[in-house]
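K.L.:
Okay, here's the prediction I keep looking at, along with the sequence it came from:
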Amino acid sequence: MIVIGDVNYFEPWWVQIVKALVIFGIAFAVLPLLTVYERKLLGRFQHRYGPNRVGPFGLMQPLAEIVKFATKEPFRPRTSIGYMFILAPAIAILTSVAALAILPFGNVQHIFGRTVGLYGIDVSIGPLYVFAFAGISFYGIMLGGWASGSKYSFLGSMRAAAQLISYEVSQGLALVGVVITAGTLSLTGIVGAQGGMWYIIPQFFGFLVFLTASFAETNRSPFDLVEADAELVGGYNTEYAGTGFVAYLFAEYVNMIVVSGIAVTMFLGGWMLPFGIHPPGWVDPIVVLVKMMLFITLFIWVRATLPRLRYDQLMSFGWKVLLPIATLNTLITAILVVR
Amino acid sequence: MTPYNPGADVIEVIRVPAPGPMHSTYRAFGATLKGMRTTFARIVEGPLTIQYPEEKTPVYPRFRGRHKLHRFEDTGLEKCVGCSLCAAACPADCIRVVAAENTPELRVSAGERYAAVYEINLSRCIFCGYCEVACPFDAITMGHDYEMSDYTRSDLIFTKEMLLAEPIERTPLRSEGE
């Protein structure tokens, strides 16, 4: 038997399936609300209300939009490559959802006499799993842009390749410091190791680098060169309409959730509360979700504030500023821990 | 060697040394935080949107909106005597007046004659207010209503009854100093 998750208790297969469905369901219930939240908050940043017409407080807006997108004509350019054009959004959404599985929403709980971990699976290679799927998710964007058979999409996907690969290096290195300090790659283990102090304090520079690289990884402003609407029409998703476009949109938001979840787990102590408060177990997911919302709010705040970087600035920032800081941070952490 | 002495018409550009890595990092972070503070201040100020169909933009007292015809308040007779001066003054030629004689049995206006037909084609009107200026009896004035869209052009020809009637919804008037 291959042990992919080193857990000290037994979970029957149906519990795993139920957990997978619950996580997927919650994620896809939160996603539409997240789009409304982003647009409403962006509006407030610009003296506007944002969507407030459909339903109470505009909460039904995504429903109306999904209906609109679903009724669009499925269109693809004559120069595109059919099966890849359809496959690419599926890859994008599949990989981002797969990364959701390892986000720990809480400690191991006893529900109805069973021992259940409040996470999809506790893999013993935590961050590596995330980076593996982040690596595959490039293919979603790359293939989508390339298979569209349009030069703007192609330019967008080329930018995506260069940008995502160069920022993944710094992002990974930023997490290495945390892993060294915690001494484990299991995400629940890392959260458990933060009982004394959240890693945002000893690993502050790692946190900054991770945060900055996350903006690039999720293709969010100010690093949204992949979909720079002003120069590239819409980047890799220019030729997509209807459900394919929605798939890319959702993949972007799931990526945002995953990145905030990883940041919460690695730097903000996961389900733990400061000042030695130990709430009952059912509060854990709420704590994690609130912390994730803080990150998502920061993402939106930055999007409302900062203009898009020029492409050479982006590259030189990634390689000349972020990477040295991340490397130094890792080195110093390693020296301090090993000593 | 004499030092370089630019004339009065030469603007001297003073170049500071390029910022070093530490200084430029500080500048970048400082500018970012300043920008974040600026956008957050917009949230604190709150939205400035006017929720149009529910709230309307208030207009100034001299705003020239849809025309109104007036009656005398005491007798209820129309002020318009059908002189057609408004039609003559109208640069867009959108007013049509057909006058008729008042009789003792049917007394409509205070003067000798009254407007049997008074139509304004609002799809042609340019809201210049010359009709208001031309009218010797202040029978026609420009009102404050600006919501006049309709589905057909013929619906935009306003008859005398429509112009005499009070508007269905009042347009808010801008208060002093606003």
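P.N.:
Noted; the coordinates are in hand.

K.L.:
Where do the helices of the chain begin and end?
P.N.:
Reading this off chain A. In chain A, the segments counted as helices under DSSP state H are A:13-45, A:61-70, A:82-100, A:126-147, A:151-182, A:187-193, A:204-217, A:229-232, A:242-267, A:284-305, A:311-316, A:323-338.

K.L.:
that's the wrong chain, I meant chain B
P.N.:
Under DSSP H, chain B gives helices at B:21-45, B:85-89, B:130-134, B:160-164.

K.L.:
possible to save those helices as CSV with distance to A:Ala101?
P.N.:
All C-beta spots, glycine's among them, are computed from the backbone N, C-alpha and C. Below are the helices of chain B laid out as CSV (distance: least, Cβ to Cβ, whole Å):
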stretch, distance to A:Ala101
helix B:21-45, 33
helix B:85-89, 77
helix B:130-134, 73
helix B:160-164, 67
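
K.L.:
how much space between the nearest residue to B:Val81 once chain neighbours are set aside and B:Ala99?
P.N.:
Nearest residue to B:Val81, sequence neighbours excluded (Cβ to Cβ, 6 or more residues apart in numbering or on different chains): B:Gly111, at 3.4 Å. Distance, B:Gly111 to B:Ala99, by Cβ to Cβ, to the nearest Å: 10 Å.

K.L.:
Any chance you could list residues touching both of those two?
P.N.:
B:81-82 (Cβ atoms under 8 Å, 6 or more residues apart in numbering or on different chains).

K.L.:
What residues does the residue sitting nearest the centre point of chain B make contact with?
P.N.:
Centroid-nearest residue in chain B, with Cα atoms, centre = their mean: B:Phe63, separated by 5.0 Å. Going by Cβ under 8 Å, 6+ apart, B:Phe63 touches B:142, B:144, B:146.

K.L.:
hang on, the earlier thing: residue contacts, the residue nearest to B:Val81?
P.N.:
Contacts of B:Gly111 by Cβ under 8 Å, 6+ apart are B:81-82, B:102, B:137.

K.L.:
any weak-confidence spans in the stretch 201-339 of chain A?
P.N.:
A:276, A:281 (pLDDT under 70).

K.L.:
Around chain B, which positions in it sit nearby?
P.N.:
A:301-302, A:304-306, A:321 (Cβ under 8 Å from any Cβ of the partner chain).

K.L.:
Present these as JSON lines; the columns should include neighbour count.
P.N.:
Output for those, formatted as JSON lines (neighbours: other Cβ atoms under 10 Å in any protein chain shown):
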{"residue": "A:Trp301", "neighbour count": "18"}
{"residue": "A:Val302", "neighbour count": "20"}
{"residue": "A:Ala304", "neighbour count": "22"}
{"residue": "A:Thr305", "neighbour count": "20"}
{"residue": "A:Leu306", "neighbour count": "17"}
{"residue": "A:Val321", "neighbour count": "17"}
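
K.L.:
Could you point out the longest strand of chain B?
P.N.:
strand B:113-121 (DSSP state E).

K.L.:
so who does the residue nearest to A:Ala88 when sequence neighbours are not counted touch?
P.N.:
The shortest distance from A:Ala88 to any non-neighbouring residue, by Cβ to Cβ, 6+ apart, is to A:Gly144 (3.5 Å). Applying Cβ under 8 Å, 6+ apart, we find A:Gly144 in contact with A:85, A:88-89, A:92, A:153, A:157, A:236-237, A:240, A:244, A:248.

K.L.:
With neighbour count as extra columns, can I get these in a markdown table?
P.N.:
Formatted as a markdown table, those follow (neighbours: other Cβ under 10 Å):
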| residue | neighbour count |
| --- | --- |
| A:Phe85 | 21 |
| A:Ala88 | 28 |
| A:Pro89 | 24 |
| A:Ala92 | 30 |
| A:Ser153 | 27 |
| A:Ser157 | 27 |
| A:Tyr236 | 33 |
| A:Asn237 | 26 |
| A:Tyr240 | 25 |
| A:Gly244 | 24 |
| A:Tyr248 | 24 |
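
K.L.:
quick one: the closest residue to A:Ala162 other than its chain neighbours from chain B, how far?
P.N.:
Closest residue to A:Ala162 apart from its sequence neighbours, by Cβ to Cβ, 6+ apart: A:Met315 at 7.1 Å. Relative to chain B, A:Met315 is positioned 16 Å away (Cβ to the nearest Cβ, to the nearest Å).

K.L.:
same deal with A:Gly117?
P.N.:
Taken as Cβ to the nearest Cβ, the span from A:Gly117 to chain B is 37 Å.

K.L.:
How many neighbouring residues does the nearest residue to that residue once chain neighbours are set aside have?
P.N.:
Distances taken as Cβ to Cβ, 6+ apart put A:Val108 closest to A:Gly117, at 4.8 Å, once the chain neighbours are dropped. Neighbourhood size, A:Val108 [other Cβ atoms under 10 Å in any protein chain shown]: 17.

K.L.:
now A:Pro324
P.N.:
There are 13 residues near A:Pro324, going by other Cβ under 10 Å.

K.L.:
ditto for the one 10 residues further on
P.N.:
If you count neighbours by other Cβ under 10 Å, A:Ala334 ends up with 14.
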